[in-house]
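K.L.:
based on what follows, work out the 3D shape:
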Amino acid sequence: MTTSKPTAGRQPFRHDARRLDRDEMKRIATRQVRIELEARQEKNAAKPVNPAMVVTGILAGIAFVFSVMSWLNESTQDKIDKATGPLASGITEMDRRLTGRLDAVDARIDRLEVRVEKEFENVNAKLESVNAKVDNVNTKVENLNAKVENLNAKVENINAKLDLVLKRR
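P.N.:
Alright, predicted model coming up:
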């Protein structure tokens, strides 16, 4: 057998112990759980990141973006040219037809403007003629008013003389 020193209290793994008591099992289980938790925390703990790796990652991202942009620029321009070629010719044809229509409309508007100008000139001439006639009528009315005033003055003189004659009698 072994020549070890006797220790105080129960020892969990004594060669003569047949089973562990409950308290000892709880301590072992809690110790095992604590060890597992510490291992998980160490595993999940934030490890310091090397700045060179960060810079390398950023530069790789920028290079990727530039490569994608240059690829899109090259392939997209060809696709746009293929897709918009018929559209451009259609737009040119439509523009030509629309320009012809607009030119025709402009010519019609010009003709209408000439007609309207002539009509306005005729209307203005007629208005001037009417104004001249109205001025003649006004002149005649003023002459008539002057004659009426002259006649009224004579009538008032006659009335005044008649009043004097009537007063004397």
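
K.L.:
any weak-confidence spans in the protein?
P.N.:
Low-confidence segments of the chain (pLDDT under 70): 1-20, 46.

K.L.:
so where do the helices sit in it?
P.N.:
22-44, 51-168 (DSSP state H).

K.L.:
JSON lines for these, including mean neighbour count?
P.N.:
Just so you know, the C-beta spots here come from the backbone N, C-alpha and C atoms, and that holds for glycine as well. As requested, these are exported to JSON lines (neighbours: other CB atoms under 10 Å):
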{"stretch": "helix 22-44", "mean neighbour count": "10"}
{"stretch": "helix 51-168", "mean neighbour count": "10"}
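
K.L.:
for residue 49, phi and psi?
P.N.:
phi -100, psi 140 (degrees, to the nearest 10).

K.L.:
report the contact partners of it.
P.N.:
If you count contacts by CB atoms under 8 Å, 6 or more residues apart in numbering, residue 49 has none.

K.L.:
tell me how far it lies from residue 57.
P.N.:
10 Å (CB to CB, to the nearest Å).

K.L.:
again with residue 168
P.N.:
From residue 168 over to residue 57 (counting by CB to CB), the distance is 137 Å.

K.L.:
go on, residue 116?
P.N.:
In terms of CB to CB, residue 116 sits 76 Å off from residue 57.

K.L.:
also residue 67?
P.N.:
Computed as CB to CB, the residue 67 to residue 57 distance reads 16 Å.

K.L.:
same question for residue 88.
P.N.:
For residue 88, the distance to residue 57 - CB to CB - is 44 Å.

K.L.:
same check, this time on residue 161
P.N.:
130 Å.

K.L.:
likewise residue 21?
P.N.:
From residue 21 to residue 57 the distance is 56 Å (CB to CB).

K.L.:
residue 154 too?
P.N.:
122 Å.

K.L.:
what's the answer for residue 101, then?
P.N.:
61 Å.
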